[in-house]
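In: next input, structure requested:
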Amino acid sequence: MAKTSYAVALGSNRRSRHGSPEATLRAAADAIGAERLSAVRATPALGPAGRSFANAAAIVTTDLSPPELLSKLKGIERAFGRRRGRSWGARVLDLDILLWSEGCWKEGDLLIPHPHMRDRRFVLDPLAELAPDWRDPILGLSMRQLRWRLRAAKPIRRDASSG
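Out: Predicted coordinates:
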């Protein structure tokens, strides 16, 4: 396969042998061969994870296919001490493929673009910093536009009278 680019999300909320979650993300960026890494941001945990996360995005160029890159990322997670367990729990390292320069991919559990990326500021903020003009292959909107839409969205207020 010819070289293609990927946007990868990085997250951590537990110390590793590399140190703090932020240090873990920087070491993980080196391990995945990131060409560029966004600023690392502290973000509140979703669900039962408890502690806040360090989150970032990276750009990786490789000749690996999406399933091959996913396998590599899961191997790096294991090497950093990630153990499979409860969804939404605390983790040493979480690596997810967000975008692929060739567009969409669907095979088994691997979906590109990542199905939840458009709804998560902890993903879109670093991604829009790193690749503001990269377009979502489904919606046609840039990462900058997706981030703006998410920031501008007002939560739906539900109260007893709204049924």
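In: quick one: the helices in the chain, in order.
Out: 21-32, 66-79, 121-130, 143-152 (DSSP state H).
In: which of those helices sits closest to Ile97?
Out: helix 66-79 (6.1 Å; C-beta to C-beta). Using the backbone N, CA and C atoms, a C-beta is placed for each residue, glycine as well.
In: for that closest one, give the mean pLDDT please.
Out: Averaging pLDDT along helix 66-79 gives 95.
In: among the helices of the chain, which is nearest Val92?
Out: Short answer: helix 21-32, nearest of the helices of the chain by C-beta to C-beta, at 6.5 Å.
In: in the closest one, which residues are buried?
Out: By neighbour count on 16 or more other C-beta atoms under 10 Å, the buried set for helix 21-32 is 21-29, 31-32.
In: got the angle for that helix vs helix 66-79?
Out: Put simply, helix 21-32 runs at 130 degrees to helix 66-79, going by axes from the mean of the first three to the mean of the last three C-alpha atoms, to 10 degrees.
In: mind exporting the C-alpha coordinates of helix 21-32 to PDB?
Out: Output in PDB follows, covering the C-alpha atoms of helix 21-32 (Å, rounded to 0.1, in the frame of the first residue of the first chain):
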ATOM      1  CA  PRO A  21      -0.600  10.900  31.500                       C
ATOM      2  CA  GLU A  22       0.900  13.900  29.500                       C
ATOM      3  CA  ALA A  23       4.300  12.200  29.400                       C
ATOM      4  CA  THR A  24       2.600   8.900  28.400                       C
ATOM      5  CA  LEU A  25       1.000  10.700  25.400                       C
ATOM      6  CA  ARG A  26       4.300  12.200  24.300                       C
ATOM      7  CA  ALA A  27       6.000   8.800  24.500                       C
ATOM      8  CA  ALA A  28       3.100   7.200  22.700                       C
ATOM      9  CA  ALA A  29       3.400   9.800  19.900                       C
ATOM     10  CA  ASP A  30       7.000   8.700  19.500                       C
ATOM     11  CA  ALA A  31       6.000   5.000  19.500                       C
ATOM     12  CA  ILE A  32       3.400   5.500  16.700                       C
END
